[in-house]
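Novice: build the 3D model from these lines:
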Amino acid sequence: MPVLSLIGCKILEDEITHVLSRYNKNTRIILIDDRESMDLERKLRSQDTPFSMAPVDRIRNFIPPEDPGSVKKKFMSLLGKKYEDEMIVVIKIMPLGLHVDSNELRNVVARQIRLMSEFSDGVLLFYGLCGNALKDIGNSEDISVPLYVLKDKNGEHVDDCISIALGGNRRYEEELERYNDTATLYFTPLWASSWKDMKDIPADPEKISEYRYSFRIGRVARLDTGLEFEKDFDSRIKELAQKFNAEVVELKGNTDIVENCYLEVIEDLKE
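Specialist: Numbers count the residues shown, from 1 in each chain. Model prediction:
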């Protein structure tokens, strides 16, 4: 029974909810029981997706010591049927705001990878490069299992959560070039609900004004991923546009990258 550990940025929590609730056949889902998992727990329940919860030091209790798959495969083969192996997927949601300090982000994520690789057959990172903070993070002798990252259709490690929501680095570059007269702030539903906790954008009205002029903010992009786990997306975008005295532009996103990468990793570990 292969074990996949998924380590995800809080901002990609909706995408994680989406793949877990949509692709959970023959899958046991285990959430690391901590403060960061509370919203994911609520969202999975809203989708009637079964899961268990456990502290990280008790995850091994959920993993069978021996894999009976070979016996089952032979039995199913005698019946002329294909045996579909079960998966265990263990999810750790990382705290918001880590990427403010690129060194801290890399160190914390690397530590989490090492910890979860001890009981896993593979680790999937639901992160972009985050300003190259996570570039080549899998090139470590401390990691004894395959490390998978989110890649676009060109095979490139995606830049960040906005690139993921847009469907790849090329589309992101096209949008940046399209609106190059002034800067654009991009918001997915979770970005819009969490920006005050991310520490990237000041919350103080006076500092917002200074920020706006310093970075020439002219637009707020409402990036629709098709996911509706967060409420009041429209009102939050309107509020942000008012704060920055900015125009609202609508962008259509998708979940292609997270779906494709997740399914590819699952198939790879089942082989």
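Novice: what is the neighbour count of residue 34?
Specialist: 13 (other CB atoms under 10 Å). For glycine as for every other residue, the C-beta is placed from the backbone atoms N, C-alpha and C.
Novice: likewise for residue 97?
Specialist: Quick note: residue 97 (other CB under 10 Å) scores 15 neighbours.
Novice: try residue 55
Specialist: By other CB under 10 Å, the burial measure for residue 55, its neighbour count, is 10.
Novice: can you check residue 134 too?
Specialist: There are 21 residues near residue 134, going by other CB under 10 Å.
Novice: in which helix or strand does it reside?
Specialist: Under DSSP states H and E, no helix or strand contains residue 134.
Novice: pretty sure it is touching residue 113, no?
Specialist: No. Contact criterion CB atoms under 8 Å: residue 134 and residue 113 do not qualify, at 10.1 Å.
Novice: between these two, what contacts are shared?
Specialist: residue 125 (CB atoms under 8 Å, 6 or more residues apart in numbering).
Novice: I'd guessed residue 47 sits against residue 21; true?
Specialist: Yes. With contact defined as CB under 8 Å, residue 47 counts as touching residue 21 (3.8 Å).
Novice: what kind of secondary structure is residue 218 in?
Specialist: Assigned with DSSP: H, G, I helix; E, B strand; the rest coil, residue 218 falls in the strand class.
Novice: need the contact list for the closest residue to it other than its chain neighbours.
Specialist: Counting by CB to CB, 6 or more residues apart in numbering, residue 218 lies nearest to residue 182, which is 2.8 Å off, once chain neighbours are set aside. With CB under 8 Å, 6+ apart as the criterion, the residues that contact residue 182 are 216-219.
Novice: give me the buried entries from the residues you listed.
Specialist: Neighbour counting with 16 or more other CB atoms under 10 Å marks 217-219 as buried within those.
Novice: pLDDT and distance to residue 170 added to the residues you listed, as a markdown table?
Specialist: What follows is those, written out as a markdown table (pLDDT from 0 to 100; distance: CB to CB, whole Å):
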| residue | pLDDT | distance to residue 170 |
| --- | --- | --- |
| 217 | 87 | 24 |
| 218 | 89 | 23 |
| 219 | 93 | 20 |
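Novice: between these, which sits nearest residue 103?
Specialist: residue 217 (27.2 Å; CB to CB).
Novice: any idea what the closest one is bridged to?
Specialist: Using DSSP bridges, the beta-bridge partners of residue 217 come out as residue 183.
Novice: my read: it touches residue 183, true?
Specialist: Yes. Here residue 217 reaches residue 183: they are 5.1 Å apart, a contact under CB under 8 Å.
Novice: and the pLDDT for residue 68?
Specialist: On pLDDT, residue 68 comes in at 52.
Novice: now do residue 208
Specialist: Note for residue 208: predicted pLDDT of 76.
Novice: where does it sit, in terms of helix or strand?
Specialist: helix 205-215.
Novice: quickly list what residue 90 is bridged to.
Specialist: Here residue 90, judged by DSSP bridges, has bridge partners residue 5, residue 30.
Novice: doesn't residue 120 make contact with it?
Specialist: Yes. Counting by CB under 8 Å, residue 90 sits close enough to residue 120 to count as a contact (7.0 Å).
Novice: name the residues contacting each of these two.
Specialist: 3-5.
Novice: out of the contacts of residue 182, which comes closest to residue 99?
Specialist: Taking CB to CB as the measure, residue 99 lies nearest residue 217 of those, at 19.6 Å.
Novice: quick one: that closest one from residue 47, how far?
Specialist: Distance of residue 217 to residue 47, given as CB to CB, to the nearest Å: 35 Å.
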